[in-house]
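Student: Model the following, please.
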Amino acid sequence: MEMQDRTVIVTGGASGIGRATALLFAAEGATVALGDVEADATETLAREIVGRGGRAIAVRVDVGDAGQVQAFVDRVVADLGKLDVMFANAGIAHSAPFLEHPEAQWHRVLRVNLTGVFLCCQIAARQMVRQGGGRIIATASINGFRGVENLVGYNVAKAGVIELTRTMAVELAQHQITVNAIAPAQIDTRLTRSLPDEARARRLARIPMGRFGEPEEVARAALFLASDDASYVTGHTLAVDGGYLAGGLWSASGTGRLPT
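Tutor: Numbering: from 1, shown residues only. Here you go, the predicted structure:
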């Protein structure tokens, strides 16, 4: 069991990638602390993990609020004794053309997707320094590498997460803390399922493997980065993208495959 006796925080743990990662880490022996603004869904998942024989607690937390993040980490350490892994995964999106993108939504997206990651990682890292080490993982996106249309705030935030990951890795290596990020492409979550058919087809056409990823496929990447197998990996952003960054292919058919 890769995570035996380790304590892991998963933010954005109520659904999607966070939910899949929490379930996998718990199955691998971790005690999971779920943080999310969706309190009911988070509590339901914690009960599900316990029902499966795992260990979990649920806390409502707004990752953009430093006081709430500090209280969350303090509770985890007080109740569970330590913090081994921070998975800063919480995120939101707002879609609008650049010329029409509301300033309020720009600030809202950056508050959660970039400032929230900064706060979770900084506060977790301070605890890990006291403990003598730990693992930090952030959810970035292939949008941090490519200028995907109608998502300027999201794209900028995710690019910031990638650079934040590099900077933290350099500064925290001396404390035996590794810092890495995961950059998913289109993953089959509530967010992507809400897209119009035309938008889904356009995104699918850019993926050489011809399908959206599953949350569990991202969770397994997070498990690797948190495990002892990744002990010498730091400052890296791992694309889990079906080949998107390698090709970024367009096709007339919308299948994600080049025409033959």
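Student: Quick one: list the elements packing against the lengthiest helix in the chain.
Tutor: Longest helix of the chain, by residue count under DSSP state H: helix 152-172. If contacts are counted by 3 or more Cβ pairs under 8 Å, 6 or more residues apart in numbering; DSSP states H and E, helix 152-172 sits against helix 103-110, helix 116-131, strand 134-139, strand 177-184. Glycine gets a C-beta too; all of them are placed from N, C-alpha and C.
Student: ok, the shortest one: who's next to it in the sheet?
Tutor: According to DSSP bridges, strand 134-139 has the following sheet partners: strand 85-88 (parallel), strand 177-184 (parallel).
Student: distance between the shortest one and the chain's centre?
Tutor: For strand 85-88, the separation from the chain centroid amounts to 8 Å (computed by Cα atoms, centre = their mean, to the nearest Å).
Student: Flag every buried residue along the helix or strand of the chain with the lowest mean pLDDT.
Tutor: For the chain, using mean pLDDT, DSSP states H and E, the weakest element among its helices and strands is helix 190-193, scoring a mean of 75. Neighbour counts using 16 or more other Cβ atoms under 10 Å place T192 of helix 190-193 among the buried residues.
Student: what does that helix rub up against?
Tutor: S15, G16, A93, Q186, R200, R203, F212 (Cβ atoms under 8 Å, 6 or more residues apart in numbering).
Student: Tell me the spacing between the fifth one and I9.
Tutor: Per Cβ to Cβ, to the nearest Å, R200 is found 32 Å from I9.
Student: Pick out whichever of the two has more residues nearby.
Tutor: Using other Cβ atoms under 10 Å as the criterion, R200 and I9 rank with I9 on top: 29 against 17.
Student: mind checking the SS state of that one?
Tutor: strand (DSSP: H, G, I helix; E, B strand; the rest coil).
Student: From P215, how far out is it?
Tutor: 18 Å.
Student: can I have stretch 115-130 written out in CSV, keeping just the CAs?
Tutor: Taking Å, rounded to 0.1, in the frame of the first residue of the first chain, the C-alpha atoms of stretch 115-130 are listed here in CSV:
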residue,chain,number,x,y,z
THR,A,115,-3.9,32.3,-4.9
GLY,A,116,-5.7,29.3,-3.5
VAL,A,117,-2.9,27.0,-4.6
PHE,A,118,-0.3,29.4,-3.3
LEU,A,119,-1.9,29.6,0.2
CYS,A,120,-2.5,25.8,0.5
CYS,A,121,1.1,25.0,-0.6
GLN,A,122,2.7,27.7,1.6
ILE,A,123,0.8,26.8,4.7
ALA,A,124,1.4,23.1,4.1
ALA,A,125,5.1,23.7,3.4
ARG,A,126,5.5,25.5,6.7
GLN,A,127,4.2,22.4,8.5
MET,A,128,6.3,20.1,6.4
VAL,A,129,9.5,22.1,7.3
ARG,A,130,8.7,21.5,11.0
